[in-house]
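S.K.: Let's see this in three dimensions:
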Amino acid sequence: MLSNTEILQLSPIKFYQYSNRIEIYNHGKLYGGITVQDLMSGNYISKSQNPYITIEELIPVVGIVASKIKVNIAKFKTKGLLERIGPDKGGYWKIKNL
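M.R.: Take a look at the predicted model:
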């Protein structure tokens, strides 16, 4: 028999995209072991906001293999949503305004 907490944790994660924000509803724990205190402190920088993140660091964050991440990066670049600033080593990604 499943407890209420276990049933909630089996619920799908829900994403809602608005013109000025994205809302994510997850009935389980916060991703990556962060706490509400980490978020409230203002000292936490999410991996999704890290323009220096590498493909290897993205693998556990998005849950897909490196080759699929490269395909998605290429799609974003083609659509003009993502731009590489600087070289592969030492450069960073710039997300263009939508």
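
S.K.: Spell out, range by range, the helices that occur in the protein.
M.R.: 4-9, 36-41, 55-62, 66-78 (DSSP state H).

S.K.: and residue 21, which of those helices is closest to it?
M.R.: Comparison of the helices of the chain against residue 21 by C-beta to C-beta identifies helix 36-41 as nearest, at 14.7 Å. For the C-beta atoms, the positions are set from N, CA and C on the backbone; glycine is no exception.

S.K.: Same list (the helices of the chain) but as TSV, adding mean neighbour count and mean pLDDT.
M.R.: Output for the helices of the chain, formatted as TSV (neighbours: other C-beta atoms under 10 Å; pLDDT from 0 to 100):
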stretch	mean neighbour count	mean pLDDT
helix 4-9	10	50
helix 36-41	10	76
helix 55-62	13	83
helix 66-78	12	91
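
S.K.: Now do the domain split for this structure, please.
M.R.: 1-44, 46-98 (automatic domain parsing).

S.K.: For the helices of the chain, give me a markdown table that also has distance to residue 85.
M.R.: Listed next are these as a markdown table, based on distance: least, C-beta to C-beta, whole Å:
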| stretch | distance to residue 85 |
| --- | --- |
| helix 4-9 | 39 |
| helix 36-41 | 28 |
| helix 55-62 | 16 |
| helix 66-78 | 12 |
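
S.K.: Could you point out which of these sits nearest residue 17?
M.R.: helix 66-78 (15.2 Å).

S.K.: Residues in contact with the closest one: which ones?
M.R.: The contact list for helix 66-78 (C-beta atoms under 8 Å, 6 or more residues apart in numbering) reads 55, 56, 58, 59, 62, 64, 82, 83, 84.

S.K.: Tell me the one among the residues you listed nearest to residue 16.
M.R.: Closest approach to residue 16 among the contacts of helix 66-78 (C-beta to C-beta): residue 62, at 18.5 Å.

S.K.: Please report how far that closest one lies from residue 70.
M.R.: In this structure, residue 62 and residue 70 are 12 Å apart, going by C-beta to C-beta, to the nearest Å.

S.K.: swap in residue 53?
M.R.: For residue 53, the distance to residue 70 - C-beta to C-beta - is 14 Å.

S.K.: can you check residue 58 too?
M.R.: Distance of residue 58 to residue 70, given as C-beta to C-beta: 10 Å.
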